[in-house]
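Visitor: Mind looking at a prediction? Sequence and model below.
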Amino acid sequence: MFWKDFDDSIPGACLTPGCPYPATTRCRECRGKEPVCERCTVRAHRNLPFHWIDVWNGAFFERRDLHDLGFVCYLGHHGDACPHIPTGRPPIAFVIVHDNGVHHCSLHYCHCPRAREELSQLVRADLFPATLERPETAFTCDVLERFHVDFDISKRSTQDFVRVLTSLSACDKDTGDVKDRYRDFLLASRIYRYLTMCKRSGRRHGVVIPGRKDDDLTVPCLTCPIPAFNLPDDWENVPEHLGYLYRLNLCADGNYRLQKKSKPDDAADVALSTGQGFFVPHSEMYDALKNNANEDDDLVSRTGIMCTGFKVIRSQRTAKFRFVDISGVLSFSCDHLHFRPGATVDLQTTETWLHADFGLGGALRGTERLREIALSYDVICSYICRILERFKTSHPTLLQVVEQLKMLLPKLHMHAHKDLCQVVYAFCYAQGFGLAHGEGVETPWAELNSAGLSTREMSAGGRHDALNSLFNYWNWCKTVKMGTSSVAAIPERSC
């Protein structure tokens, strides 16, 4: 480790053949760490503008930007200067955030007669501007992609990520500070996350899945039965006792870790992915909640109709959520552990019938042609009360689908219910379910719960964008591993 802070060939002769200047610098990023002069360092980094340079000050190495050595970044000509730069025009001072820290940079745009707009030049150089008007701050696509992946996997907050970048940066020689770009990074990373979802949705490539909304940006489950997509032509003619082969199995569960605190924030802030991701838009649900605010339709109070012993429901007291705007989420997934698009709702206190209705309505979208659909929910015995009456008002187009739903209790939760419920809603007594347990939606919470520490501090729109990204990443990982996991399970199931 001490060797990293010492080089006996500096100061000394520059290793570039024929160069008369003394070697006073070495690159911290390049593997060779060759001792060269400042001019040769700038020349060698024509297309590597964000490397940190060790500069010998006579006593020790100082970490410096290439900007401090006179480096200028030119756009549009593969690192070469544009021949049409107006005489005497100075370069623009930029602050550029890369995955190894915050950099100062002098930048020249291309001024050729047919040059692209400045914003387009930045984006094509993998620089994401912080603003559309006279940008002087940009983020490399590398750092935005790294944050996107880092958040999806580690659930680390934006503030912690920016603090790491700041600690990797060189301090200003005069003030000793590093430019604070936290707020700019919040905005840029949020837009980049949304654009990445748009890119990966497949819309630009003409990927069309029947029953999917035109503006849907989510990764769907391609294993669930989808008519005219992954089912045989004669699937509707299958005998009734084999109908389970083309059944859609849904699971529902509430999560009280993914909260949002009550705090002053921008009331006009909305998610970029509103109506395109996993959440039911508030505009669709809140009017119904206000109209039914005085009705005694809360699942907690209604649980006594069937099961007074279900302790999980009784524990969700309203006093528990005094300081939060959103107490959690209620989500629907398939039995392949994919979140259903448009089937997650925000909870204001506890789970209500209306919350579950809107989530179920989103989960059932595009399934009208299926013959069999099953729903597993830990309070199904109470939820089915007046369900047809409610759907006749809230989702009349899905009324026939709901009438055919097979209602079941998850195997783990059913032991908290009465004996009658454990018989009527048991998986083991339902035809065609085999060893299914109905607890699949519980699986992602083990990984996603840790995201609540950061999402609860976000604005309403930022929180939805972040959770949409997390749910999408979960679905994508499940889709990628579906083939290998299915093949690995074949020997086990054949035993």
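Guide: Perfect, I can see it now.
Visitor: Could you use CA atoms for every contact and neighbour count after this?
Guide: Fine.
Visitor: list the contacts for residue 54?
Guide: Residues near residue 54 by CA atoms under 8 Å, 6 or more residues apart in numbering: 25-28, 61-64.
Visitor: Sticking with it, tell me its helix or strand.
Guide: Taking DSSP states H and E as the criterion, residue 54 maps to strand 53-56.
Visitor: Select from the contacts of residue 54 the one having the most neighbours.
Guide: Within the contacts of residue 54, residue 25 tops the neighbour count with 28 neighbours, counted by other CA atoms under 10 Å.
Visitor: so residue 159 makes contact with residue 182?
Guide: Yes. Between residue 159 and residue 182 there is a contact under CA atoms under 8 Å: 6.9 Å.
Visitor: just the contacts of residue 54 now: which is nearest residue 168?
Guide: Nearest to residue 168 among those: residue 63, at 10.1 Å, using CA to CA.
Visitor: could I get the contacts of residue 54 as TSV with secondary structure?
Guide: Formatted as TSV, those follow (DSSP: H, G, I helix; E, B strand; the rest coil):
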residue	secondary structure
25	strand
26	strand
27	strand
28	coil
61	strand
62	strand
63	strand
64	strand
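Visitor: Quickly name whichever of these is closest to residue 446.
Guide: Nearest member of the contacts of residue 54 to residue 446, counting by CA to CA, is residue 28, at 39.7 Å.
Visitor: Quick check: that closest one vs residue 62, distance?
Guide: Remark: distance between residue 28 and residue 62 (CA to CA, to the nearest Å) = 11 Å.
Visitor: Need the residues touching each of these two.
Guide: Common neighbours of residue 28 and residue 62, counting by CA under 8 Å, 6+ apart, are 53-54.
Visitor: Show me the helices in the stretch 1-150 of the chain, by range?
Guide: 38-44, 118-124, 141-154 (DSSP state H, counting those that start in this stretch).
Visitor: Buried residues in the second one, which are they?
Guide: When you say that, I think you mean helix 118-124. Buried residues in helix 118-124, counted by 16 or more other CA atoms under 10 Å: 118-119, 121-122.
Visitor: ok so, going back, mind putting the helices of the stretch 1-150 of the chain in a markdown table, distance to residue 466 and mean pLDDT included?
Guide: Formatted as a markdown table, these follow (distance: least, CA to CA, whole Å; pLDDT from 0 to 100):
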| stretch | distance to residue 466 | mean pLDDT |
| --- | --- | --- |
| helix 38-44 | 39 | 92 |
| helix 118-124 | 23 | 93 |
| helix 141-154 | 9 | 94 |
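Visitor: The strand holding residue 54: how far from the chain's middle?
Guide: The chain centre lies 39 Å from the centre of strand 53-56; the measure is CA atoms, centre = their mean, to the nearest Å.
Visitor: from here on, count from 29
Guide: OK, 29 is where the count begins now, so the last one is strand 81-84.
Visitor: Which strands border that strand, and is each parallel or antiparallel?
Guide: Sheet pairing of strand 81-84 (DSSP bridges) gives strand 53-55 (antiparallel), strand 89-92 (antiparallel).
Visitor: any chance of those strands in a markdown table, with distance to residue 412 too?
Guide: Shown next, in a markdown table, are the strands paired with strand 81-84 (distance: least, CA to CA, whole Å):
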| stretch | distance to residue 412 |
| --- | --- |
| strand 53-55 | 67 |
| strand 89-92 | 66 |
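Visitor: Please produce JSON lines containing these, extended by distance to residue 457 and mean pLDDT.
Guide: Shown next, in JSON lines, are those (distance: least, CA to CA, whole Å; pLDDT from 0 to 100):
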{"stretch": "strand 53-55", "distance to residue 457": "69", "mean pLDDT": "91"}
{"stretch": "strand 89-92", "distance to residue 457": "70", "mean pLDDT": "88"}
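Visitor: do you know which of those strands lies nearest residue 138?
Guide: Residue 138 lies closest to strand 89-92 among those, at 26.5 Å (CA to CA).
Visitor: can you map out the helices along the stretch 379-523 of the chain?
Guide: For the stretch 379-523 of the chain, the helices defined by DSSP H, counting those that start in this stretch cover 381-391, 408-411, 415-422, 427-431, 447-452, 473-476, 480-483, 488-522.
Visitor: Touching stretch 180-198 from outside, list them.
Guide: 91-93, 127-131, 175, 178-179, 206, 208-210, 213-214, 476, 478-479, 482, 497-498, 501.
Visitor: just the buried members of those residues?
Guide: Burial by neighbour count, judged by 16+ other CA under 10 Å, picks out 91-93, 127-131, 175, 179, 206, 209-210, 213, 476, 479, 482, 497-498, 501 from the contacts of stretch 180-198.
Visitor: Out of the strands paired with strand 81-84, the one nearest residue 40 is which?
Guide: Set against residue 40 and scored by CA to CA, the strands paired with strand 81-84 come closest in strand 53-55, at 10.1 Å.
Visitor: quick one: contacts of the closest one?
Guide: 38, 61-66, 69, 79-84.
Visitor: One more pass at 6 Å, please.
Guide: Contact with strand 53-55 is made by 61-65, 81-83, as judged by CA atoms under 6 Å, 6 or more residues apart in numbering.
Visitor: try stretch 252-259
Guide: Outside stretch 252-259, the residues within contact range by CA under 6 Å, 6+ apart are residue 274.
Visitor: Recalculate using a threshold of 7 Å.
Guide: Contact with stretch 252-259 is made by 237-238, 274-276, as judged by CA atoms under 7 Å, 6 or more residues apart in numbering.
Visitor: Okay, buried residues for it please.
Guide: Across stretch 252-259, burial judged by 16+ other CA under 10 Å covers 252-255.
Visitor: likewise stretch 460-474?
Guide: By neighbour count with 16+ other CA under 10 Å, stretch 460-474 contains the buried residues 461, 465-470, 472-473.
Visitor: what would those residues look like in JSON lines with distance to residue 397?
Guide: Shown next, in JSON lines, are those (distance: CA to CA, whole Å):
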{"residue": "461", "distance to residue 397": "21"}
{"residue": "465", "distance to residue 397": "25"}
{"residue": "466", "distance to residue 397": "23"}
{"residue": "467", "distance to residue 397": "25"}
{"residue": "468", "distance to residue 397": "24"}
{"residue": "469", "distance to residue 397": "24"}
{"residue": "470", "distance to residue 397": "28"}
{"residue": "472", "distance to residue 397": "29"}
{"residue": "473", "distance to residue 397": "31"}
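Visitor: Using a markdown table, please lay out these together with pLDDT and distance to residue 194.
Guide: Formatted as a markdown table, the buried residues of stretch 460-474 follow (pLDDT from 0 to 100; distance: CA to CA, whole Å):
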| residue | pLDDT | distance to residue 194 |
| --- | --- | --- |
| 461 | 89 | 54 |
| 465 | 89 | 48 |
| 466 | 89 | 46 |
| 467 | 89 | 43 |
| 468 | 87 | 40 |
| 469 | 89 | 38 |
| 470 | 90 | 37 |
| 472 | 92 | 32 |
| 473 | 93 | 32 |
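Visitor: Among these, pick out the one closest to residue 170, please.
Guide: Checking these one by one against residue 170 (CA to CA), the nearest turns out to be residue 472, at 27.7 Å.
Visitor: looking at the helices of the stretch 29-178 of the chain, which is closest to residue 305?
Guide: Across the helices of the stretch 29-178 of the chain, closest to residue 305 is helix 169-182 (CA to CA), at 15.6 Å.
Visitor: Can you classify residue 369 as helix, strand or coil?
Guide: For residue 369, the assignment made with three-state DSSP gives strand.
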